[in-house]
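1. Below are the sequence and a predicted model; questions follow.
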Amino acid sequence: MPLTFAYGSNMSVADMTARCPRAKRLGLARLAKFRFALLPNGFATVVRDPAALTHGVLWEVSFGDLAALDRYEGVAEGGYEKIVLPVIRETGFARALVYIGRPDADRERAPPGYMEAIVAAAVAQGLPRDHVEFLRLCGGLAPEAPPKKFRAIKNENFL
């Protein structure tokens, strides 16, 4: 069964379950030398960047689900192309399909709430905080409020 690396809307468990009912989440993974970016139409992609690392989710999909994913990504229409790249897992390396958006594709604009959904999926999946904040910035979203600082109150009578 093929593996696919998700870095955008396919990180969402609910969305992947709707698109690919037999997909199995294998855990978190990272794609080295690629950076998350947005296409002119607002959809997510990754672009080559030797100094970058993109966090995401690794899925195992059936061949039938892979065909559904191809339709969703608009592979036949030229919206996305898929290539096999090495991804880093906790247990080592794996080769996975990665959908890369084509900037010249004639595709509709990303729907409202698209980046908010990607950020929510990244948080739900447990991606690193700095990567989630990077996704927020890419989408023009407000940064998450920093955690409140703990303040110790000294009261010797309390001890």
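-> Arrived safely.
2. all strands for the chain, in order.
-> Under the criterion DSSP state E, strands of the chain are mapped to 3-6, 24-38, 44-60, 80-89, 92-101.
3. I'd like the ones you listed written out as TSV, with mean pLDDT added.
-> Conversion of those to TSV gives the following (pLDDT from 0 to 100):
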stretch	mean pLDDT
strand 3-6	98
strand 24-38	97
strand 44-60	97
strand 80-89	96
strand 92-101	96
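4. For Leu135, the count of nearby residues, please.
-> 24 (other C-beta atoms under 10 Å). Backbone N, C-alpha and C define where each C-beta goes, glycine included.
5. ok, it - contacts?
-> By C-beta atoms under 8 Å, 6 or more residues apart in numbering, Leu135 lies in contact with 36, 115, 118-119, 122.
6. of all the residues you listed, which comes closest to Leu58?
-> Ala122 (14.2 Å; C-beta to C-beta).
7. just how off-centre is stretch 72-82 within its chain?
-> Computed by C-alpha atoms, centre = their mean, to the nearest Å, the chain-centroid distance of stretch 72-82 equals 17 Å.
8. Might one say that Met1 is in contact with Glu60?
-> Yes. Assessed by C-beta atoms under 8 Å, Met1 is found in contact with Glu60 at 5.0 Å.
9. if you count what's nearby, which of the two comes out ahead?
-> Comparing Met1 with Glu60 by other C-beta under 10 Å, the one with more neighbours is Glu60, at 17 against 12.
10. list the contacts for the more buried one?
-> So Glu60 contacts 1-3, 23-24, 26 (C-beta under 8 Å, 6+ apart).
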